[in-house]
Every structure is written in structure tokens, then in C-alpha cells.
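In: Sequence and computational prediction follow.
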Amino acid sequence: MRVLIAPDSFGNTLTAVEAADAIATGWSASRPDDEVVHAPQSDGGPGFVDVLAGRFGQVHTETVPGPLGASVTARWLLDDRDPDHLVGYVECAQACGLHQLGGGPTPRTAQTADTTGVGMLVDAALRAGVASVVVGLGGSASNDGGRGLIEALGGPERALERCAGIDVVAASDVENPLLGPLGAIAVFGPQKGADAAALVRLEHRMAEWNRVLTELAGRDISAETGAGAAGGLGAALLALGGRRVSGATVVAEATGRDADIAAADLLITGEGRFDSQTLRGKVVSALTATARASHVPVLVVAGQVTLGADEIADAGIAAAHSIVDHAGSVQVAMDDAGPQLTGLTRAVAAAWPG
């Protein structure tokens, strides 16, 4: 069989690339004659650049300010397959990710973390002569509305000039607006360490910054889909003439995912937690929909599976298997995620009737 291995990341335990490697190792151990194709996935969050870099392009490394100002090493990808239309892929989590705080998020980090480093990565891509720059949004520690990015590009007017004629893409599956009860601060601020007092200050600061973005864009972009992504970084990109595209769609189109699925005899995908949220437009559900259209069976391996057998079948999935069930405990599943995922997949492959 030709087996397509296309997982998303497994929360904070495995990147999509690591998960794909673990699944492929387990499957091949039980079925060495099958052809295994690696196709890790991303929705624009952490791992976005690595997923794409496994398929094409040149990885460039830059030293930029992290979310709190200390220098970090960050990568961006230059897609030079078409010399007349270079594309730069930037992952905001590389420069302002929660994992770069040096500890857990706090009210102070929620108000201090910024996107300056992301702006410097975009600057590097623009200096390389790209016709398009795609910024993956997700996993950020920042709540600055993209102010740091715009300042790194020379300030509002200069940033707008530099992005004129460039196809700027905000790659995110987050649809939240910038402000209000469904906005960047109210919904994601608590996840980034903001307490009640910080939430009030941040919302006020964001509303003030939105006036600058409104003047820059010539319209109020605060209610537009995806403006609230990555602490409002989505809004800054929209104000610079950008457009929002689903991060999962960006990866699918850039890597020829639909053709990969159509050519497969089996699709194996997965994520950290396979639950009802998965079926509402996340990476695994998009993969499953494409596979169903091509009559390709789907297996899911996940950290945890909370859906019932009927829900799994109704979603068009042949079976879903849990690392926690295989490992015997949540702690072992998290502490030993890679080997446990390999062991689970080995067992699943041994029992697969295909």
C-alpha cells in the first residue's frame, strides 16, 4: 500500500514533523513493504516553516528579538521554485512564541511581549525580493496588535510603502475579530497570562492602536475575519493590504496535499486531542473531507480520543486510536510521546487488514 502520513502537531509534545516520523517508524516496523509518504501538516502555528521546508525551498536563519526582547534564532523559508515569483514563509511563533518566554505566561509578559522579531523576519523576506510573504499566525505570546511588526518595517507609512505590490497573506485558522468579547484580548489574553486587570488595559491599548491601523488601511479592519489572530498581528497584516487565508489551506496548496491524498491507499493523520473541536474545521477534519472525496480510508492516531465510535464513523474515519490508552496513563503518553506513538502505530499496522 501507499500510506500517506499527514499529522498535525501533538500539542506541546511533538511537532508535526516529529509525529510523522514516529508514525512512519511504527507503521514500517509492522508493514515494511508498504510505501510510506511523509506529509506533516500545519495550520500556521508552531511548526509551519518546518512542515513546508520538508517539501521545498531554502531555509534562512536570522537573529531577531524574541517576545520579551532577548535575541532568538528564527527561521523563515524562501520558496524559489518559480524564480519570477519568490514567496517568503514566516512563522510568527519562531520570533514571539509562548515557548520563548522562559517560563509560564504572566500578566507582565501578556502586556510586554511584542512582534518586533516577526517584523524583522518579514523585513528579511522583503529584502530577498519576494513577490509574496505568508505569515503563519499561531502560538504567539504577544498582544500588541502587530505594532512591533509595523515598527520593525519602518513605521506605519514606510511599512505600507514596502508592502505595496506585495501579496501579504495572514495564514491562520483563527477567525476572531480584533476587539470586543470575541476579540484577541478577551478570548486569547487569558491563555497568554493576562489577569482581569491586564485584560482591561490590553483591550484599551488595542482600541487605541486600532485607530492607527484604521488610518493606515483607510477602513476599520477590527471586525474583519482573522484580525484578532496572534494577538492582533492579523489586523496589522490586513492593514498593510494583506488578506487572510486558512493556514491549513496554505499548506495544502503549497505542498500539493490533495494530489498526495488521491494517490494514497490509506491516510494516517492525528493531533494531540481528537475531540468535537477537531470536526469543526481543524486540520484533521480538512484532511478527512478530502480523503472521503477520493475514497481513501482514514486512520487517526491522537494523544487522546474523546469522540464516540458513532461520531468517528460519521466523520468518515475508519478508526481512531489513543496514545493514552496505549501507554496506560496521560503522564506516560506526554513524557514519552514519540516512542509511545511509534508503539501505538506499530500495533495498529499489525492489525490493519489492508
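Out: Thanks, I have it.

In: Run through the helices of the stretch 151-300 of the chain in chain order.
Out: Ranges of helices within the stretch 151-300 of the chain are 156-163, 196-217, 229-239, 247-255, 257-262, 283-293, based on DSSP state H, counting those that start in this stretch.

In: packing partners for the fourth one?
Out: Just to be clear, that refers to helix 247-255. Under the contact definition 3 or more Cβ pairs under 8 Å, 6 or more residues apart in numbering; DSSP states H and E, helix 247-255 sits against helix 48-53, strand 132-136, strand 167-171, helix 283-293. Just so you know, the C-beta spots here come from the backbone N, C-alpha and C atoms, and that holds for glycine as well.

In: Between those, which one is closest to Gly183.
Out: Set against Gly183 and scored by Cβ to Cβ, these come closest in strand 167-171, at 15.6 Å.

In: That closest one vs strand 132-136, what angle?
Out: Counting by axes from the mean of the first three to the mean of the last three Cα atoms, to 10 degrees, strand 167-171 lies at 10 degrees to strand 132-136.

In: what pairs with strand 167-171, and is each one parallel or antiparallel?
Out: Using DSSP bridges, strand 167-171 pairs in its sheet with strand 132-136 (parallel), strand 243-245 (parallel).

In: Tell me the buried residues in that strand?
Out: Using 16 or more other Cβ atoms under 10 Å as the test for burial, strand 167-171 gives Val168, Val169, Ala170, Ala171.

In: would you list the helices of the stretch 151-300 of the chain in CSV and tack on mean pLDDT?
Out: Converted to CSV, those look like this (pLDDT from 0 to 100):
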stretch, mean pLDDT
helix 156-163, 98
helix 196-217, 98
helix 229-239, 98
helix 247-255, 92
helix 257-262, 96
helix 283-293, 89
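
In: out of those, deepest packed?
Out: Most buried of these by mean neighbour count (mean count of other Cβ atoms under 10 Å) is helix 229-239; its value is a mean of 32.

In: and the strands paired with strand 167-171, which is most packed in?
Out: Buried most deeply of the strands paired with strand 167-171, by mean count of other Cβ under 10 Å, is strand 132-136, with a mean of 27.
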